[in-house]
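Novice: A structural model of the following input is requested.
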Amino acid sequence: MLFDTHVHLNARQFEEDRDEVIKRAFEAGVTHMVVVGFDRETIPLAIQIAEQYDTIYAAVGWHPVDAIDMTPEDLAWIEELSAHPKVVAIGEMGLDYHWDKSPKDVQKDVFRKQIRLAKKIDMPIIIHNREATEDIIAILQEENAKEVGGIMHCYNDTVDYVQECLDMNFYISLGGPVTFKNASDPKEVAVKVPLNRLLVETDAPFLAPHPNRGKRNEPSYVTLVAEKIAELREITVEELSENTTKNAREFFRLDKKL
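Specialist: Numbers count the residues shown, from 1 in each chain. Model prediction:
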């Protein structure tokens, strides 16, 4: 029983065989998924997929790479969609200093606006971080994001920042990189994060875990992530799965939606 907390089944890479990919995930024991929409194209499809499956949910937000494209109408649209019964979080949002499409000040402004929206409607948030950890933590602290809590999606930094994230009521989510042979940081993080604040994800179709690295990722591969984390923590896959699924259900407030 696994919960893929971050998957892009709404990506173009799944246009041809989305239903088969979802079927494979269910057969592999992935019982729940959250499909993340992050722009005008992917948000409606995330909700559409969630509507088709009882245990698939959606998150809606605006990606920092495209921050320069977001209008006030888009923010109002996200707020409107947040009332949908299958929408469980706002995001992914954050900062991305790897790509230079959107200036940093624009990214920060869009990030702050989404945090404030999440607080207004009392919904947790999902954070995208690429090469921007210190600025992200500073903004989360300044905006008091602790009020709603969140997920550090595909956490990709050292263990040094983990405690600051935990102190802000955030969960740490790990994906494919924890299985990469030379990736020491996610392996250390996988051991250090308290079990009750740990989540698993694929970020499919990106970041496929070993031995599928470089290929299209899919949600069934979250089993490989769980197996590696269980091995690193020296616990059973069953214990890891049970706890991360419980954490995800609590974070996304699924039991309150029943």
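
Novice: only C-alpha atoms for contact and neighbour calcs from this point on.
Specialist: Will do.

Novice: Give me the distance between stretch 174-189 and the centre of its chain.
Specialist: 16 Å (CA atoms, centre = their mean, to the nearest Å).

Novice: Quick check: buried residues in that stretch?
Specialist: 174-180, 185-189 (16 or more other CA atoms under 10 Å).

Novice: Quick check: end-to-end length of it?
Specialist: Using CA to CA, to the nearest Å, one end of stretch 174-189 lies 9 Å from the other.

Novice: Can you list the residue ranges for helices in the chain?
Specialist: Using DSSP state H, the helices of the chain run over 18-27, 42-52, 72-81, 104-121, 133-142, 162-167, 184-192, 222-233, 237-251.

Novice: pLDDT and distance to residue 16 added to the buried residues of stretch 174-189, as TSV?
Specialist: Output for the buried residues of stretch 174-189, formatted as TSV (pLDDT from 0 to 100; distance: CA to CA, whole Å):
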residue	pLDDT	distance to residue 16
174	98	27
175	98	24
176	98	23
177	97	26
178	98	29
179	98	28
180	97	28
185	96	35
186	97	32
187	97	34
188	97	37
189	98	36
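
Novice: The nearest residue to residue 244 once chain neighbours are set aside: neighbour count?
Specialist: Distances taken as CA to CA, 6 or more residues apart in numbering place residue 199 nearest to residue 244, at 5.0 Å, with adjacent residues excluded. Using other CA atoms under 10 Å, residue 199 has 32 other residues around it.

Novice: so residue 199 makes contact with residue 190?
Specialist: No - with contacts counted by CA atoms under 8 Å, residue 199 stays clear of residue 190, the gap being 9.8 Å.

Novice: what's the longest strand belonging to the chain in contact with?
Specialist: Counting residues, the longest strand found in the chain (DSSP state E) is strand 87-96. Residues from elsewhere that reach strand 87-96 (CA atoms under 8 Å, 6 or more residues apart in numbering): 36-38, 47, 57-65, 81-82, 104, 107-108, 111, 114, 118, 123-132, 136, 252-254.

Novice: With stretch 161-180 instead?
Specialist: Contacts of stretch 161-180 (CA under 8 Å, 6+ apart): 5, 137, 141, 145-155, 183-184, 186-187, 189-190, 193, 197-203, 207-210, 222, 224-225, 228-229.

Novice: Only the buried subset of those, as a ChimeraX command please.
Specialist: To isolate the buried ones among the contacts of stretch 161-180 in ChimeraX, judged by 16+ other CA under 10 Å, type:
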select :5,137,145,146,148,149,150,151,152,153,154,155,186,187,189,190,193,197,198,199,200,201,202,203,207,208,209,210,222,224,225,228,229
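
Novice: Residue 24 versus residue 220, what's the distance?
Specialist: 6 Å.

Novice: Comparing those two, which residue is more hemmed in?
Specialist: residue 220 (22 against 16).

Novice: wait, the more buried one sits on residue 31?
Specialist: No - using CA under 8 Å, residue 220 is not in contact with residue 31; the gap is 10.0 Å.

Novice: residues shared between the contacts of these two?
Specialist: Common neighbours of residue 220 and residue 31 (CA under 8 Å, 6+ apart) are residue 25.

Novice: tell me the most buried of the helices of the chain?
Specialist: helix 222-233 (a mean of 21; mean count of other CA atoms under 10 Å).

Novice: what's that one packed up against?
Specialist: Using 3 or more CA pairs under 8 Å, 6 or more residues apart in numbering; DSSP states H and E, the elements in contact with helix 222-233 are strand 2-7, helix 184-192, strand 198-200, helix 237-251.

Novice: Just put the ones you listed in JSON lines and tack on distance to residue 163.
Specialist: Formatted as JSON lines, the helices and strands packed on helix 222-233 follow (distance: least, CA to CA, whole Å):
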{"stretch": "strand 2-7", "distance to residue 163": "21"}
{"stretch": "helix 184-192", "distance to residue 163": "10"}
{"stretch": "strand 198-200", "distance to residue 163": "13"}
{"stretch": "helix 237-251", "distance to residue 163": "17"}
